[in-house]
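Enquirer: sequence and predicted structure below; questions after.
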Amino acid sequence: MKTTTHRLDLIFGTIQLLNAELDGPVTLQRDLEVEVPQNWPPDLYDRKALEWSANYLKENPDSLGWGQWYLILRNGEEGRKALAGIGGFKGKPSPDGTVEIGYSVLSQFQRKGLAGEAAGGLVKWAFSHPEVKRVIAETYPELIPSIRVMEKNGFRFIGDGSEPRVIRYEITRESFEK
C-alpha cells in the first residue's frame, strides 16, 4: 500500500517490512529498495515502537494502513530514493472516528518541509475513509517544529495530551474539507 505527496512516497509498513527492519538496515534497504541512511532510525522512534507496530498488525490483520508508514524521498542524495523518516497512525479509528498520527524525520531531512508534507499526506489518506471524523496528534510544548507541522496542516491546539507534559492538537473532517 502506498500514497504519494509532491516529493514523497509513503509506504505502509507491512509485517514483511517491519520484520525486515527488525532484522536490520541491510534487510530493510533490500526490501524497501531505497537507501537507508546510517543514522536510521529517527528521533522518537525506537525498537519498542517498531515492535508495537509489528505486534499490532499481527493481532489486527484487518488494520492495513492504520499503523506505520515509511517516508521515502523520491529524489534523495545523488538522485536515489532515500528513507527520510517514519510516520503513521496508532491504530484503527476509535468508535467515535478518531485516529492519532505521529511522525519523525531524520536530522538531515529536517527543515525542508518533509514532515509537514508527510503529515498532510497521512491526514488526507485518513479522511479518505468515511469512518474518520478527526485526526489528533500529540507533542511536547518545546518541540516547536512539530507544532508548526501540525498547524500548517490545519490542526488546532485542544489541550493536554495522554501523558504528563504532552499537548494535543486535532483536525476535524469539517476543518479538513474547508
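Expert: Yes, it's here.
Enquirer: can you give me phi and psi for residue 65?
Expert: phi 100, psi -20 (degrees, to the nearest 10).
Enquirer: with only the CA atoms kept, save the lowest-mean-pLDDT helix or strand in the chain in CSV.
Expert: Lowest by mean pLDDT, DSSP states H and E among the helices and strands of the chain is helix 47-59, with a mean of 91. The C-alpha coordinates for helix 47-59 follow below in CSV (Å, rounded to 0.1, in the frame of the first residue of the first chain):
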residue,chain,number,x,y,z
ARG,A,47,12.7,-0.6,18.8
LYS,A,48,9.8,-0.5,21.2
ALA,A,49,7.7,1.5,18.7
LEU,A,50,8.7,-0.8,15.9
GLU,A,51,7.8,-4.0,17.9
TRP,A,52,4.5,-2.4,18.9
SER,A,53,3.7,-1.8,15.2
ALA,A,54,4.6,-5.4,14.2
ASN,A,55,2.5,-6.8,17.1
TYR,A,56,-0.4,-4.5,16.3
LEU,A,57,-0.5,-5.8,12.7
LYS,A,58,-0.3,-9.4,13.8
GLU,A,59,-3.1,-9.0,16.3
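Enquirer: how about the residue lying farthest from the centre of the chain, secondary structure?
Expert: Residue farthest from the centre of the chain, counting by CA atoms, centre = their mean, is residue 78 at 24.8 Å. Look at residue 78: counting by DSSP: H, G, I helix; E, B strand; the rest coil, its state is helix.
Enquirer: just the strands in the protein please.
Expert: Using DSSP state E, the strands of the chain run over 2-4, 8-12, 68-73, 82-89, 98-105, 134-139, 156-160, 167-172.
Enquirer: out of those strands, nearest to residue 36?
Expert: strand 82-89 (4.9 Å; CB to CB). Any C-beta I mention is one placed from the backbone N, CA and C, and that applies to glycine too.
Enquirer: re the thing from before, now find how far off-centre the least confident helix or strand of the chain is within its chain.
Expert: 14 Å (CA atoms, centre = their mean, to the nearest Å).
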